[in-house]
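Trainee: after the sequence you'll find the predicted model.
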Amino acid sequence: MTEEEKKKEAGEISRRQFLAGAGLVVGGAAIGAAITYPLVPGKEVEVPKYVCPYDSLEFTTFDALVAHVAAVHPEVTPPTVEAVTTLTVNGKVYKLVDVKPSWSLAWVLREKLGLPGTKTGCNRGDCGTCTVVMNGKAVYSCLVLAVEAEGANIVTIEGLSDGITLTGIQKAMYDEDSEQCGFCSPGFIMAGQALLAAKPKPTLDEVREALSGHICTCGNTKMFVDAVLKV
Amino acid sequence: MAELSVIGKKGLKDPTGFGKTTGSLDYAGDNLLGKKLIARSLLSNIAHGKIKSIDTSKAEALPGVKAVVTYKDFPVLEVPVFYFFLERTVLRDTIMFWGEEVAVVAAVDEETAAQAVELINVEYTPETAVIDADEAMAPGAPLCGVWPESNVKTTEIVRGDIEAGFAQADVTVEETVGWLARWQHQEIEPLTALAYWIGDHLYVWTSSQNPFNQRANVAAGLKIPLNKVHLISHGSGSGHGDKHTCEYGVIAAVLAKKAGMPVLYQKSRVEHILNSTRQHLAKADIKIGVKNDGTIVAIDSTWYGDAAASGQMWAGGLSFGMRTTWKCPNARFKHVDIATNTPRVGYWRCVADPPGSALQNQPLDMAAEAVGMDPLAFRLKNVLPPDMVDQDSKLPIAGQAVGECFRKAAEGIGWATKWHAPGTRTLPDGRLHGIGIGGMIDSHGSLATPVGGIVLLTRDGKALITPGQSHCAGSIVAMVHIVAETLGMSYDDVQLGDWGNTDVAPDGGMEGGSTRTITLGAAFQMAAEDARTQAFEVAAAMLGVTPDKLTAKDGKIFETANPANSKTWAEVAGRAANPIVGRGYNWSKKLRRPLFDWPVGAACLTQGGEATAAEIAVDPETGEIEVLEMVNAIDTGRAVYLRGCEKQMYGGLEIMQGQALLYEQVVEKSTGATLNPSFLDHRMPTSLDIHQDKLKLAIVESDDAVGPYGAHGIGEPCVNAFCSIGAAFYNATGKWVKEYPITPFRVLKTLGKI
């Protein structure tokens, strides 16, 4: 097995692959984060996507997007290259046009990138439901502006598995049937995953501390704490 | 109880677990990504009055705004009699509380909608607002406008002879407890409806405890037939009582029609808190007469409940636990409901049981102390035994084990060694140690509303069910258990299909009142039996016997007397000439097996029961309370989905700590404004508040004589007895805190420190 294949096997991605895919993104900011992406073996970085702000259709080149806007949305001014915001999420690089400065990362992840695993429970930084991992740290994506997240390495709940195989906290939770309604789970899991990346064998108190920014209205915090300790 | 193959077995998982863990189970707002408008609302800044004028033109002119609605867009509604429509409906020109929805805007994103809301100009004609419940019931108080003639309504339940009862008593204690706080509805997923139209058909995704009632609400609100409303709810982010109705679905639908686009009305935290329902204020004056041996001989009591702006009367529910749980031949329960101009009240993991449990607990402890008994012994002496009828209705209770719950809770906490005389034990760190217990027969777990279930057999001999319910807590998983057990299939051979979709299922009823597992579970048991009967017809021909000679178990259908003569489900299903479809309905509230002296078929009650014990440390300097250990003992009947029971019970222990120590909606008396409409200020327990390793459970399996396979509902019983923490506070300090939550401020005030 080559070094490259071993890394793939381990669920890591090489620096070269990452930079190749990242395009305009400043690669250095994303490398060296505590959580390496992707966590799923064999997952490749895909080509950048330019997303139409008016109907969320995706295009592989900026020119194609401009042509689409001119043809389908004649009432608006076609975007300029300065208006492109680049987000690196789960190893994919997304090029978005006309991202409003007021849009939160949570909103863009859900409504513009089509990643609804990140839930919003309060949209004001009180509940922790929308937590994603940004450059290795758990953050409330409702309190991060999308434009602030440019250049960062963002991992959402969708980035933790390939949709077939579960690992880490997800596996621990699934194996133990740990959830009630499940709405707050992605936030708890991402916070726990960030903790485990920094400290693979945390103590009970460290887990309680790491999950303390989260609310579960079903009263399920015991289950989350147990799951993180079991990994 | 007989051993079963699937029901109550360890290790059987929620089939939706993968979706929840990966974030791929869809909740209402997860649909139509990037294609929907966002709605935000204008809330009233007066507590009582009328809208004089409303101008939305500036809001409508803002770029990005696609539709605005006010009361003018909604017809006066007729209430569908076959479903409950809890609240005043949709938008109206009368304002009954501060923060009531006045207008709603749909725009391209939340910021634009919020900006547009600011541009709406409303003029009100204010009227006198009645905020304080004590003032509202005082003679000569101005009317709050909820009821035409008075702010107060009273009812009464009497049994025996009160005076004669108290005359027999050796000791009488009398106490007022309350007010207990309002608790905000803080489900993690706010009230949500996503609506769009295809022609005159409406499609709605909601967060739901009750998809069929929501569909009825939406259809009534729009005056369209039920079969033109297609309502779907797969995932629901918690449901504690305010997700049965769907006024906001009507609003989203009208906005969507006006805008010609899908509209998501997912309430903001503030909108949600102010415009959902909440646990009401509660208070009681209770007098108990006791003999020296601890026998309760008389109770006289008055129970006060804040009916708020919704005018919902729950004071009668407050007394339920006291009325039902304790043997007492002479008793009076007066109920006073008080309407005010405060945000609407309604279900909150029940409405009245949790506060009712807390209101009775202190006088009971005082009575025990007055005759020199410890609180546990006093309860065990007076608790209604399982073989005794309900004292007011004279009906048997179909399996109740509250006494056993008290014993198990006490055992779990180590009552025998830990209980001490009040205020007599200090921990080495200077904090005061206390232990307490509380519990009662619970008003929940009735068999309610017409519900049905369908079991489809697939050609390969497996089963598919699509219950007409959303996934809130896990009762949907109980359906899978019940069907697998009844068909004699393995658990994995029964799968959930497109559940929570009003187009493909019969009415699944409510995930509330702790009724779902027994009510819909009954329907699914019957549906599975129906499917099994049809399969037996096919199998009988294959096996050369009559259908009555067959058994289904372990994935096979076989001759009962000769198990070797068998066919697999796959062989039988493959041979069936027509598709096998089993249908079932919930059955009536009658005993299905003999119970004590009561025969099969006797009319009865179905109720749960619970007891909780808590051990706490009180810091007399800071007023902080730490819950050191807590035990939840719940009468589950037969535990169907065992892990689900455990999760709800653990959850109950966390929620009870919130009820006892944290939850309080603060309403300003001068304005009626809610001062803390957020998770930050109306705090929930977090991982740092809970000792996850010190939560204990005791599943008490009585065998209910009505519920499917002997099950009870447990959703509400498991959050009821938070009063055990208050009792523990008395045991620690020798002083009662009469108001909840027991905040550091109230602790220090009670201890005379401030």
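Mentor: In hand now; what should we look at?
Trainee: for B:Trp598, phi and psi?
Mentor: phi -90, psi 140 (degrees, to the nearest 10).
Trainee: now do the same contact list for the residue nearest to the spatial centre of chain B.
Mentor: In chain B, the centroid-proximal residue (Cα atoms, centre = their mean) is B:Arg349; its distance is 2.9 Å. Going by Cβ atoms under 8 Å, 6 or more residues apart in numbering or on different chains, B:Arg349 touches B:His240, B:Gly241, B:Ile655, B:Gly715, B:Glu716, B:Val719. In short, each C-beta sits where N, CA and C put it, glycine included.
Trainee: for chain A, see how far away it is.
Mentor: For B:Arg349, the distance to chain A equals 10 Å [Cβ to the nearest Cβ, to the nearest Å].
Trainee: that residue: which element?
Mentor: Under the criterion DSSP states H and E, no helix or strand holds B:Arg349.
Trainee: got the domain ranges for chain A?
Mentor: A:3-160, A:168-230 (automatic domain parsing).
Trainee: pLDDT (mean, whole number) over the longest one?
Mentor: Read that as domain A:3-160. The average pLDDT for domain A:3-160 rounds to 75.
Trainee: just stretch B:604-622 next, same as before
Mentor: pLDDT averaged over stretch B:604-622 gives 95.
Trainee: now stretch B:227-237
Mentor: In the prediction, stretch B:227-237 has an average pLDDT of 97.
Trainee: can you pull the buried residues of that stretch?
Mentor: Neighbour counts using 16 or more other Cβ atoms under 10 Å in any protein chain shown place B:Val229, B:His230, B:Leu231, B:Ile232, B:Ser233, B:His234, B:Gly235, B:Ser236, B:Gly237 of stretch B:227-237 among the buried residues.
Trainee: end to end, how far does it reach?
Mentor: One end of stretch B:227-237 to the other measures 26 Å (Cα to Cα, to the nearest Å).
Trainee: does any bit of that stretch sit next to chain A?
Mentor: Yes - contact of stretch B:227-237 with chain A (Cβ under 8 Å from any Cβ of the partner chain) involves B:Gly235, B:Ser236, B:Gly237.
Trainee: gap between B:Tyr71 and B:Val90?
Mentor: According to Cβ to Cβ, to the nearest Å, B:Tyr71 stands 8 Å off from B:Val90.
Trainee: next, the contact list for B:Ser470, please.
Mentor: Per Cβ under 8 Å, 6+ apart, neighbours of B:Ser470: B:206-209, B:211, B:233-236, B:239, B:476, B:499-500, B:511.
Trainee: so which of the domains of chain A is the most surrounded?
Mentor: Greatest average neighbour count among these goes to domain A:168-230 (a mean of 23), per mean count of other Cβ atoms under 10 Å in any protein chain shown.
Trainee: for chain A, just list every one of the strands.
Mentor: Applying DSSP state E to chain A gives strands spanning A:49-51, A:58-59, A:84-89, A:92-97, A:131-134, A:137-140, A:153-155.
Trainee: out of those, flag the one nearest B:Asp681.
Mentor: strand A:137-140 (17.4 Å; Cβ to Cβ).
Trainee: hmm, that closest one touching chain B?
Mentor: No - Strand A:137-140 lies apart from chain B when judged by Cβ under 8 Å from any Cβ; the minimum separation is 12.0 Å.
Trainee: tell me which element B:Thr486 is part of?
Mentor: helix B:475-487.
Trainee: ok, then the element right after the strand or helix carrying B:Gly658?
Mentor: Using DSSP H and E, B:Gly658 falls within helix B:642-661. Using DSSP H and E, the helix or strand that follows helix B:642-661 towards the C-terminus is strand B:695-700.
Trainee: and for that following strand, what's in contact with it?
Mentor: Contacts for strand B:695-700 (Cβ under 8 Å, 6+ apart): A:222, B:401, B:404-405, B:408-409, B:411-413, B:609, B:629-636, B:639, B:642, B:645-646, B:649-650, B:653-654.
Trainee: can I get the strands of chain A in a markdown table including distance to B:Gln266?
Mentor: Shown next, in a markdown table, are the strands of chain A (distance: least, Cβ to Cβ, whole Å):
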| stretch | distance to B:Gln266 |
| --- | --- |
| strand A:49-51 | 22 |
| strand A:58-59 | 25 |
| strand A:84-89 | 22 |
| strand A:92-97 | 22 |
| strand A:131-134 | 18 |
| strand A:137-140 | 17 |
| strand A:153-155 | 23 |
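Trainee: which of those sits closest to B:Val667?
Mentor: strand A:137-140 (28.6 Å).
Trainee: once you drop chain neighbours, what's closest to B:Leu680?
Mentor: Distance criterion Cβ to Cβ, 6 or more residues apart in numbering or on different chains; nearest residue to B:Leu680, sequence neighbours excluded, is A:Asp126 at 4.8 Å.
Trainee: B:Ser57: which of the strands of chain A is closest?
Mentor: Here strand A:92-97 is closest among those (Cβ to Cβ), at 31.8 Å.
Trainee: quick one: is that closest one near chain B?
Mentor: No - counting by Cβ under 8 Å from any Cβ, chain B is not contacted by strand A:92-97; separation bottoms out at 11.2 Å.
Trainee: what are the ranges of the helices in the stretch 451-600 of chain B?
Mentor: B:475-487, B:516-543, B:569-575 (DSSP state H, counting those that start in this stretch).
Trainee: which parts of the stretch 651-754 of chain B sit against chain A?
Mentor: Residues of the stretch 651-754 of chain B found near chain A, taking Cβ under 8 Å from any Cβ as the criterion, are B:651-655, B:658, B:678-680, B:684-688, B:690, B:692-693, B:695.
Trainee: now name the helix or strand holding B:Ala256.
Mentor: helix B:247-259.
Trainee: now do the buried residues in that helix.
Mentor: In terms of neighbour count (16+ other Cβ under 10 Å), helix B:247-259 has its buried residues at B:Glu247, B:Tyr248, B:Gly249, B:Val250, B:Ile251, B:Ala252, B:Ala253, B:Val254, B:Leu255, B:Ala256, B:Lys257, B:Ala259.
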